[in-house]
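Undergrad: Mind folding the following:
(chains A, B and C)
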Amino acid sequence: MATSDIQIAERALQHHFADMEQQQETSTFGMWMFLLTEIMFFGGLFTAYLVYRSSYYQAFVEGSQKMNIWLGATNTAVLICSSLTMALAVRAAQTGKSKIFTAVLLLITIFFGLGFLGIKAVEYHEHWHNHEFPGPNFHFETIDKTPPVDAQHTEIYFSLYWAMTGLHALHMVIGVGLVTWLIVMVLLGSYTPSYYSPVEIVGLYWHFVDLVWIYLFPLLYLISKKHGGG
Amino acid sequence: MWQNFPLFPPRASALAWQVDGLYFLLIAVSAFFSLLIFLTIFVFAVKYRRERHPHAAHIEGSLALELAWTLIPLGICMIFFAWGSLIYFQEARPPKGSMEIYCVAKQWMWKFEHEGGQREINQLHIPVGQDVKVILSSQDVIHSFFVPAFRVKTDVLPGRYTATWFRATKPGSYHLFCSQYCGTQHSAMIGEVVVMDPVAFQTWLANNTGSATMAASGAQTFTQLGCSGCHRSDIQGRGPSLAGLFSKPVQLEDGRTVVADENYIRESILNPGVKVVAGFKPIMPSYQGQVSEENLAALVAYIKSLAQPPQPQQSASNRPPAPETSKVQ
Amino acid sequence: MATAVQTVERENYLNSNYGIKSWLLTTDHKRIAILYLISITAMFWIGGFFAMMIRLELLTPAGDLVTSDTYNKLFTMHGIIMVFFFLIPSVPAVIGNFVIPIMVGAKDLAFPRVNLLSWYIYMAGAITALTAMVTGGVDTGWTFYTPFSTTYSNTHVIGAAIGIFITGFSSILTGLNFIVTIHRMRAPGLTWRRLPLFCWSNYAAALIMVLGTPVIAITLLLVALERAFNIGVFNPALGGDPLLFQHLFWFYSHPAVYIMILPGMGVISEIVTCFSRKRVFGYEFVALASIAIAVLGFVVWAHHMFVAGISVYAALVFSLLSYLVAIPSAVKVFNWTATMYKGSIQYNTPMLYAWGFIGLFTIGGLTGIFLASLGLDVHVHDTYFVVAHFHYVMVGGMVMAYMAGLHFWWPKMTGRMYPEAWAKLSALLVFVGFNTTFFPQFVLGYMGAPRRYHAYPPEFQVLNVLSTAGASILAVGYVLPMIYFLWSLRYGEQAPPNPWNAVGLEWMTSSPPPTHNFDETPVVTWEAYDYEHQPQEEVTVGH
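TA: Numbering: from 1, shown residues only, chains lettered A, B, ... in the order given. All right, here's what the predicted structure looks like:
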């Protein structure tokens, strides 16, 4: 109904904004700025990766060959699908679709997100089992059991693998938490086509985390044609 | 300058005069512009104070002035940039024929070894008027080799060689400081560089020779560690020949070409898989943990000393192309 | 020209609500600014205590006051606290938080709850770092060079690194808030060209905060991981590269010095215009110079590494760029000086501090030119010359600007005037004490005295004694304001809305302002620093 739509927006208007349009534009701008900081945050790790890969390419090739390319590709597809459902959820909120409809889309997004984390857990378990975690217990065996060309720098490859995918997974967990909160708010009827910016900005965050993975996957998994199959 | 209130350290190297010259020019120019600004502010503050000048004028700005005080300082800065860079270039290029001294720094001492095998701790004897190149590495953390009287400084890194050079111009004893914070006894990691006249230096060398020259001791290590098994000097072994290798370009398996400098040799010993020479297999074992910094330096000195063999070898496929001219390190 | 809006009743942001909960759960930017004021003042005194210990030790050549390990911890903790917990937040978090929303005609920053969160994050980081310091200390230097910090140090590196990591997010959120506020919350009529230069400077600093801080965050995180798990990213014994650490560290830490100085420059712009009663000379140039400093500041980091083992060609590039970044700062100094030309100058305390800033920042900045010169830097790098240089710009520059700003906006923030005579005396003591402390260090540095030395050769003693003597004068100069500012809260003269007869939206509301800043959203129709049309009243207070 039109009036309760406006009432919801009025209640959500914070006192220091002139109108809802300013509030929504400001929060979206704020999220873009935050994502810029996230790019710089991941950027430090990407820089370290680029420096070591260019100096020690063979070591990185051998490390990458121990990645499970099928699980990685599945995860990529899972995240892309989750971004689709997230975008659909934002659209649903924007166009005033029913609460259930929007909530279901968000729920599917969470399932995809949890699916990603589950597959990642399987991969981590495998790597841990193979002593591919850096530190005193690190022990590297190449995919075809030949002696490693440069085990020292393959350990650095794995350090970066764990750090980069770990940081990404942490962001996924936070994202799943944020979307869960959104579902609660949606079911409580907090959003209308006049006020849905929380859905939009969580959507932006989610897409960003997806995008980071789209860079991580080729950099970590696809360095060389030979690869591990699981 | 006044003995009791010196403003700069003794000038004991050829470079010191240039560095001081740049410094004093910078002081002069800085003092000029600083005083100009201070005086201007002072004059304005007095001349235009509220009691005397109750009504401020209304001035937006002046493009001409903005351009002037942007471009003129820029131009002056370029002079300093040019001179500073020239000095830096000189510092980065040790002349050919420099006397080489290897230095291993560790918490919290300086260990020097002359080519003739003479070893010193926290003291470095060198002759006056001779180009001296110091090749440094660290056993633990980053240190920095600083001799104020020579105006030289270079960080000393673990895992890599760095180098600096100087030509002392005045006999005497000069401070050597570690100038990169390195832990508890950082301020005690000091020593002296003793510059002697050439005759006295030769005497000193003769009196302090105990063990073999660095190259000879390196040769010994070379055999002990089994290097000669693959790196044979007569025919091509399973490893590339090292004769005449130093400072030549080397083609690698992955297509890159690198120069065989001290760091290349060091890396090839400690982590041979990183740069495999074209035509050879990556079968060399790593000697990481089996060779001390001193032994490494001796090995480097030994390999440097290996002269170009009299004729080029026959197996063209696994010999790097014979270079036209030798590269100056 | 709109006239001052004076709220008749004395309801303001300070007395609108009482009780600790109303402060700890506030979202009012003004109260958050006061919370920050208390926190960073505490950190300043802790950092200052460490400085005092350092200077006392350095009275004699031998290391006889404290052990080497303790001394190493003292200079490390002095650096960490002063850089991360005092200088970086100082002007933005205290003065910026208070004044920027009012200057742009808004009721608050864009994200008030994020603003409160940033203070809590700052406190969490500060407590973490202080805990690390109190339970054993850190001795790596504030620069955390590897592999010493990752492998060899036996101190609480991880605790300190995590403390700084946490506080970094406080800085990021403050910067984010400022950028969005200045973009989106300006009052009608307030175009970019009419913005006070204080906003331009803080905007530029906020850009750096937002883009640079995440890099130090991830770098320190890697240091902590390496220390905990021995992952080898920066340790050559495990295949890592210690120079990679330095590049990543300085990529933030150099722009960080511009985070520190730019807001201070903004303060100076406000003060020089007010006490010359003139618009700033070359407004566009000063505004763009702030942006230029922020941009160029990101491409000069390796001038900290000229002797670290980088290539000669890289060094050349960074040296050239370092000269370029000096130019916009010089342009600002010239513009401030020109602002005074044919002005109507008043010698109030903020103006005295501003002059001190211009003089000392000029010297500090010029010695930066010395350091940018490659051949010279080789000699003076890691000596007291560098120490003197950065203290000139940071203390002679930035802390003076902070003091200038505190004095300038104190009536607005508290509704009280400070005692002018004591304030002028303190300014003088600071100026004399500062120069006595740090000028001798230039000479020491060129003589070859390395920094971070617990004990030193005897020939360096005279200059060290002089330096310590200066430090004691400087300390008095800082203690006095502490006392009289507190005194003024109770006994100071009541401040009118516009004690300086300045131009700016913040002077059009009461002192202290009401919680919502303005009764009605102002509409701006005048240019920045429109002193031309400001009624020429005598400044009746604070003479």
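Undergrad: thought C:Val280 was touching C:Glu270?
TA: No - applying Cβ atoms under 8 Å, one finds C:Val280 not in contact with C:Glu270, separated by 9.1 Å. Any C-beta I mention is one placed from the backbone N, CA and C, and that applies to glycine too.
Undergrad: Return every residue with contacts to both of those two.
TA: Common neighbours of C:Val280 and C:Glu270 (criterion: Cβ atoms under 8 Å, 6 or more residues apart in numbering or on different chains): C:Leu197.
Undergrad: So which bits of whichever strand or helix holds B:Leu25 are buried?
TA: Element membership for B:Leu25, per DSSP states H and E: helix B:14-47. Within helix B:14-47, the residues scored as buried using 16 or more other Cβ atoms under 10 Å in any protein chain shown are B:14-16, B:18-20, B:22-23, B:26-27, B:29-30, B:33, B:37-38, B:41, B:44-45.
Undergrad: which residues touch the residue nearest to B:Met284 when sequence neighbours are not counted?
TA: The spatial neighbour of B:Met284 that comes closest, neighbours along the chain excluded (Cβ to Cβ, 6 or more residues apart in numbering or on different chains), is B:Pro272 at 3.9 Å. Listed by Cβ under 8 Å, 6+ apart, the contact set of B:Pro272 reads B:Pro282, B:Met284, B:Pro285, B:Ser286.
Undergrad: ok, and the most crowded of those?
TA: B:Met284 (20 neighbours; other Cβ atoms under 10 Å in any protein chain shown).
Undergrad: That residue contacts B:Gly239, correct?
TA: Yes - the pair B:Met284 / B:Gly239 is scored as a contact, 6.2 Å apart, by Cβ under 8 Å.
Undergrad: Check the gap between C:Phe86 and C:Leu195 for me.
TA: Per Cβ to Cβ, to the nearest Å, C:Phe86 is found 27 Å from C:Leu195.
Undergrad: Please disregard the earlier target; I meant A:Val122.
TA: Applying Cβ to Cβ to A:Val122 and C:Leu195 gives a distance of 54 Å.
Undergrad: Give the burial count for the nearest residue to B:Gln288 once chain neighbours are set aside, as a bare number.
TA: Spatial nearest neighbour of B:Gln288, excluding adjacent residues (Cβ to Cβ, 6+ apart): B:Leu270 at 4.8 Å. By other Cβ under 10 Å, 20 other residues sit near B:Leu270.
Undergrad: related to what we said a few turns ago, who has more neighbours, C:Phe86 and C:Leu195?
TA: In terms of neighbours (other Cβ under 10 Å), C:Phe86 is the more surrounded of C:Phe86 and C:Leu195; the figures are 25 against 19.
Undergrad: Secondary structure class of that one, three-state.
TA: Look at C:Phe86: counting by DSSP: H, G, I helix; E, B strand; the rest coil, its state is helix.
Undergrad: Quick check, it in contact with C:Met43.
TA: Yes - the pair C:Phe86 and C:Met43 qualifies as a contact (Cβ under 8 Å) at a distance of 5.1 Å.
Undergrad: Who are the contact partners of B:Leu74?
TA: Residues in contact with B:Leu74 (Cβ under 8 Å, 6+ apart) are C:Tyr323, C:Leu324, C:Ile327.
Undergrad: Check what pLDDT it gets.
TA: With respect to pLDDT, B:Leu74 has a value of 97.
Undergrad: quick one: buried residues of the host helix or strand of it?
TA: In this structure, B:Leu74 sits in helix B:63-92 according to DSSP H and E. By 16+ other Cβ under 10 Å, the buried positions in helix B:63-92 come out as B:66, B:69-70, B:73, B:77, B:80-81, B:83-85, B:87-88, B:91-92.
Undergrad: before we move on, what about stretch C:421-435?
TA: Going by 16+ other Cβ under 10 Å, stretch C:421-435 has these buried residues: C:Trp422, C:Ala423, C:Leu425, C:Ser426, C:Ala427, C:Leu429, C:Val430, C:Phe431, C:Gly433, C:Phe434, C:Asn435.
Undergrad: could you redo those as JSON lines and give each row pLDDT and distance to chain A?
TA: Output for the buried residues of stretch C:421-435, formatted as JSON lines (pLDDT from 0 to 100; distance: Cβ to the nearest Cβ, whole Å):
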{"residue": "C:Trp422", "pLDDT": "97", "distance to chain A": "38"}
{"residue": "C:Ala423", "pLDDT": "97", "distance to chain A": "34"}
{"residue": "C:Leu425", "pLDDT": "97", "distance to chain A": "41"}
{"residue": "C:Ser426", "pLDDT": "97", "distance to chain A": "37"}
{"residue": "C:Ala427", "pLDDT": "97", "distance to chain A": "36"}
{"residue": "C:Leu429", "pLDDT": "98", "distance to chain A": "41"}
{"residue": "C:Val430", "pLDDT": "98", "distance to chain A": "36"}
{"residue": "C:Phe431", "pLDDT": "97", "distance to chain A": "38"}
{"residue": "C:Gly433", "pLDDT": "97", "distance to chain A": "39"}
{"residue": "C:Phe434", "pLDDT": "98", "distance to chain A": "35"}
{"residue": "C:Asn435", "pLDDT": "98", "distance to chain A": "38"}
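Undergrad: And the residues you listed, which two are furthest apart?
TA: Across the buried residues of stretch C:421-435, the longest distance by Cβ to Cβ is 20.8 Å; it joins C:Trp422 and C:Asn435.
Undergrad: which phi and psi does the residue in the stretch 151-300 of chain B positioned nearest to chain C have?
TA: Chain C sits closest to B:Gly159 of the stretch 151-300 of chain B, with a gap of 2.8 Å, by Cβ to the nearest Cβ. Main-chain torsions, B:Gly159, degrees, to the nearest 10: phi 90, psi 0.
Undergrad: tell me the pLDDT at it?
TA: At B:Gly159, pLDDT is 92.
Undergrad: How about B:Pro310?
TA: With respect to pLDDT, B:Pro310 has a value of 58.
Undergrad: How about C:Ala2?
TA: 44.
Undergrad: and if you look at B:Pro54?
TA: So, for B:Pro54, pLDDT stands at 91.
Undergrad: Could you tell me whether it really is in a helix?
TA: No - going by three-state DSSP, the assignment for B:Pro54 is coil, not a helix.
Undergrad: separation between it and C:Trp526?
TA: The value you get for B:Pro54 to C:Trp526, if Cβ to Cβ is used, is 22 Å.
Undergrad: neighbour count winner among the two?
TA: C:Trp526 (15 against 12).
Undergrad: re the thing from before, any chance of JSON lines for the contacts of B:Leu74, columns distance to chain B, secondary structure and pLDDT?
TA: Below are these laid out as JSON lines (distance: Cβ to the nearest Cβ, whole Å; DSSP: H, G, I helix; E, B strand; the rest coil; pLDDT from 0 to 100):
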{"residue": "C:Tyr323", "distance to chain B": "4", "secondary structure": "helix", "pLDDT": "97"}
{"residue": "C:Leu324", "distance to chain B": "8", "secondary structure": "helix", "pLDDT": "97"}
{"residue": "C:Ile327", "distance to chain B": "6", "secondary structure": "helix", "pLDDT": "97"}
